[in-house]
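Trainee: pasting the structure only:
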Ligand SMILES: Cc1ncc(C[n+]2csc(CCOP(=O)(O)OP(=O)(O)O)c2C)c(N)n1
């Protein structure tokens, strides 16, 4: 199969969906003239014009708010957050408006929009440009939250998100944009709400997502050589979460590790642990283990950032201790 | 009621300026320029990580304004904050160490270029969040007023940042409560890849001052004398308790948005033209020589001293030790 970058994969999704449906448009800061900071909008302005690929003022509040309004009036907008860290600026538009309108108004109107949010650690970008904030949004009913780990899912999930009639937050890890992977040439969709067992194993279930899922695969490879058989589950969607796939896997392996780049406290791992404790405690032969970032903001200096990062080694070490 | 913003012209003569202030202007502008040139070089060589935004071409603005402040006045700056920080009197060694991610940096290496602060000189922080500073400066001004202090707070922001909603919220609060805040817009024409005219409803950001009932002044931001005098007038009134003001400095961002920016959105000629015709440092040199208030020898001496101080800062930062990984957990709570 051909290999393309994560960034190109998202670009194809945008291109296909914007070609198919004229109501799909995108707006954000600095996306038109230079194609987006991570090249994720390159070529779109030339093809679709500046009305459908819109550079906005610096105003996350009005970007998201206007997308919600446009969605109510019949468009299918995509809002670009530049860096996921800036969602704080437009939280009200996200959790009080975008997320609640369909339910609160008795299902009269849908809010078919996507909020694209490049997140995660890259190049020592420090405290306000490096965060992984996905768990905030799994606490908000009404939102769907997807978070691909590779180019194929990046394309498939973005296409599904654009076609979904619910508001979807699409987290894309900044360090993934330049990574290549196989992507089918024919049209396909990655279903929202479905996790994927990527490598089967029998000793321990390792649940992860986004860039960190790639670390999980590496850890599994190391451990495989040491005789520990790891089943790697790529979550892909964190809300609604695919309980069944997780529980089935834990039923088989009897051990559960969750790894993510985000801060461990109050993270996605906590929710998964609780689900398994409530609905699958009898499957477990060992306490659940979570690997996540320490409870600090992201530091700048290299040794500090290295200490902060979740790495394949840290995941492997955590798993070794279970045996 | 406040009228339309006025444009403050450059003084007709600079003969009245005392030597110390002239030297100070040139010293600070030269230090900023050398500082930023070294940063560019080290970033492109891969020695400095993260994102860095330099202030080349805008030196007159920060220098002119900060020359009206004491260390007890507060400033809030932005992602493009090195120049303001130097002009406020912070030690370039510790700034450089911070940008290199070293323990001797102002923030022990935890912050980096976008998050430098030196509270000892009233520099309350750079900000990675565009438009994050307005409300904080307003609050610091509120505290000063509540505590009966005469010091003020100055918040710097770009043309791009002027479109954040926080501008409105802070400007209204500061004006309604007559707080000692100076809002300084450094209109360098560009917000990252976007020309400000394509996303901004007014030609002059200072026009917005009227809506809050505060005075608005426009000034040539590449003329340190004009900036100094415009800020002086506004700051005197703010110190008297007359409430906030908005100063718009028209300038130009000579460098890319960040170091390493491919700058596909503008031509090299556009940039070169400004640099040739409107470099604030060259303009200062030309003027002080023409009016014979400084000699070439005096300029040379200040410049070479500034270069030396910045080179020492680079050496200091290069040799300084990195923080220990265990420091990751320090300073989360007191
Ligand atoms: C809330 C927020 N939105 C977007 C950004 C990304 N960003 C950083 S600097 C910048 C442009 C700022 O332009 P301006 O305010 O004019 O300042 P300049 O860079 O020209 O000094 C943008 C969009 C950010 N850091 N914070």
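Mentor: Alright, I've got the coordinates. Just so we're clear, the structure is a prediction, and the values are computed from it rather than from any experiment. Numbers count the residues shown, from 1 in each chain, chains lettered A, B, ... in the order given.

Trainee: ok, residue A:54 - how many residues close by?
Mentor: By other C-beta atoms under 10 Å in any protein chain shown, 19 other residues sit near residue A:54. Just so you know, the C-beta spots here come from the backbone N, C-alpha and C atoms, and that holds for glycine as well.

Trainee: Looks like it contacts residue A:33 (just checking).
Mentor: No. The pair residue A:54 and residue A:33 does not pass the contact test of C-beta atoms under 8 Å, sitting 11.6 Å apart.

Trainee: Now do the same for the residue of the stretch 201-323 of chain A found nearest the ligand: helix, strand or coil?
Mentor: Closest residue of the stretch 201-323 of chain A to the ligand, C-beta to the nearest ligand atom: residue A:298 (14.8 Å). Taken by DSSP: H, G, I helix; E, B strand; the rest coil, the conformation at residue A:298 corresponds to coil.

Trainee: and the residue lying closest to it once chain neighbours are set aside, helix, strand or coil?
Mentor: Nearest residue to residue A:298, sequence neighbours excluded (C-beta to C-beta, 6 or more residues apart in numbering or on different chains): residue A:130, at 4.1 Å. The three-state label given to residue A:130 by three-state DSSP is coil.

Trainee: just checking, residue A:130 touches residue A:118?
Mentor: No. Applying C-beta under 8 Å as the test, residue A:130 and residue A:118 come out as separate, 10.8 Å apart.

Trainee: Residue A:42 and residue A:8: what is the separation?
Mentor: Using C-beta to C-beta, to the nearest Å, residue A:42 is found at 9 Å from residue A:8.

Trainee: typo on my end, residue B:308
Mentor: For residue B:308 relative to residue A:8 (C-beta to C-beta), the value is 49 Å.

Trainee: between these two, who's got more neighbours?
Mentor: When neighbours are counted by other C-beta under 10 Å, residue B:308 and residue A:8 differ, and residue A:8 comes out ahead with 22 against 11.

Trainee: Surely the more buried one is in contact with residue A:151?
Mentor: Yes. Counting by C-beta under 8 Å, residue A:8 does reach residue A:151; the two are 7.3 Å apart.

Trainee: list the contacts for residue 182?
Mentor: The chain I'm using is chain A. A:1-3, A:151-152 (C-beta atoms under 8 Å, 6 or more residues apart in numbering or on different chains).

Trainee: that's the other chain; I wanted chain B
Mentor: Contacts of residue B:182 by C-beta under 8 Å, 6+ apart are B:65, B:152-155, B:231, B:234-235, B:238, B:244-247.

Trainee: so what's it scoring on pLDDT?
Mentor: Note on residue B:182: pLDDT of 98.

Trainee: and it, what element?
Mentor: strand B:181-187 (DSSP states H and E).

Trainee: now swap in residue B:301 and tell me
Mentor: Short version, using DSSP H and E: residue B:301 is in helix B:296-319.

Trainee: helices or strands next to that helix in the packing?
Mentor: helix B:19-44, helix B:92-99, helix B:280-290 (3 or more C-beta pairs under 8 Å, 6 or more residues apart in numbering or on different chains; DSSP states H and E).

Trainee: how about the shortest one: buried residues?
Mentor: If you call a residue buried by 16 or more other C-beta atoms under 10 Å in any protein chain shown, then helix B:92-99 has these buried ones: B:92-99.

Trainee: now the angle between helix B:19-44 and it, please.
Mentor: 20 degrees (axes from the mean of the first three to the mean of the last three C-alpha atoms, to 10 degrees).

Trainee: now the angle between strand B:181-187 and the next helix-or-strand element following helix B:92-99, please.
Mentor: Counting by DSSP H and E, the next helix or strand C-terminal to helix B:92-99 is helix B:133-146. Per the same axes, to 10 degrees, the angle that helix B:133-146 makes with strand B:181-187 is 160 degrees.

Trainee: where's residue A:27, which helix or strand?
Mentor: Judged by DSSP H and E, residue A:27 forms part of strand A:24-28.

Trainee: So what's the model's average confidence on that strand?
Mentor: 98.

Trainee: and it, what does it pack onto?
Mentor: Against strand A:24-28 (3+ C-beta pairs under 8 Å, 6+ apart) you get helix A:6-20, strand A:53-55, helix A:60-72, strand A:76-80.

Trainee: Which one of these lies nearest to residue B:137?
Mentor: helix A:60-72 (19.7 Å; C-beta to C-beta).

Trainee: contacts for that closest one?
Mentor: Contacts for helix A:60-72 (C-beta under 8 Å, 6+ apart): A:25, A:27-29, A:56, A:77-82, A:86-87, A:89-90, A:92-94, A:97-98, A:101, A:109-113, A:115, A:167, B:164-165.

Trainee: Name the residues of the stretch 1-150 of chain B found near the ligand, please.
Mentor: Residues of the stretch 1-150 of chain B lying near the ligand by C-beta under 6 Å from any ligand atom: B:53, B:79-80, B:128-131.

Trainee: How about the contacts made by the closest residue to residue A:38 other than its chain neighbours?
Mentor: Distance criterion C-beta to C-beta, 6+ apart; nearest residue to residue A:38, sequence neighbours excluded, is residue A:177 at 4.1 Å. Shown in contact with residue A:177 (C-beta under 8 Å, 6+ apart): A:5-7, A:38-40, A:118.

Trainee: which residues of the stretch 101-250 of chain A fall in helices?
Mentor: Using DSSP state H, counting those that start in this stretch, the helices of the stretch 101-250 of chain A run over A:101-104, A:134-138, A:151-163, A:210-225, A:243-253.

Trainee: which among the contacts of residue B:182 gets closest to residue A:125?
Mentor: For the contacts of residue B:182, the nearest to residue A:125 is residue B:155 (23.7 Å; C-beta to C-beta).

Trainee: secondary structure class for that closest one?
Mentor: Per three-state DSSP, residue B:155 ends up strand.

Trainee: re earlier: could the helices of the stretch 101-250 of chain A go into JSON lines alongside mean pLDDT, distance to the ligand and mean neighbour count?
Mentor: Shown next, in JSON lines, are those (pLDDT from 0 to 100; distance: least, C-beta to the nearest ligand atom, whole Å; neighbours: other C-beta atoms under 10 Å in any protein chain shown):
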{"stretch": "helix A:101-104", "mean pLDDT": "98", "distance to the ligand": "24", "mean neighbour count": "15"}
{"stretch": "helix A:134-138", "mean pLDDT": "98", "distance to the ligand": "17", "mean neighbour count": "21"}
{"stretch": "helix A:151-163", "mean pLDDT": "98", "distance to the ligand": "22", "mean neighbour count": "25"}
{"stretch": "helix A:210-225", "mean pLDDT": "98", "distance to the ligand": "21", "mean neighbour count": "22"}
{"stretch": "helix A:243-253", "mean pLDDT": "98", "distance to the ligand": "35", "mean neighbour count": "18"}
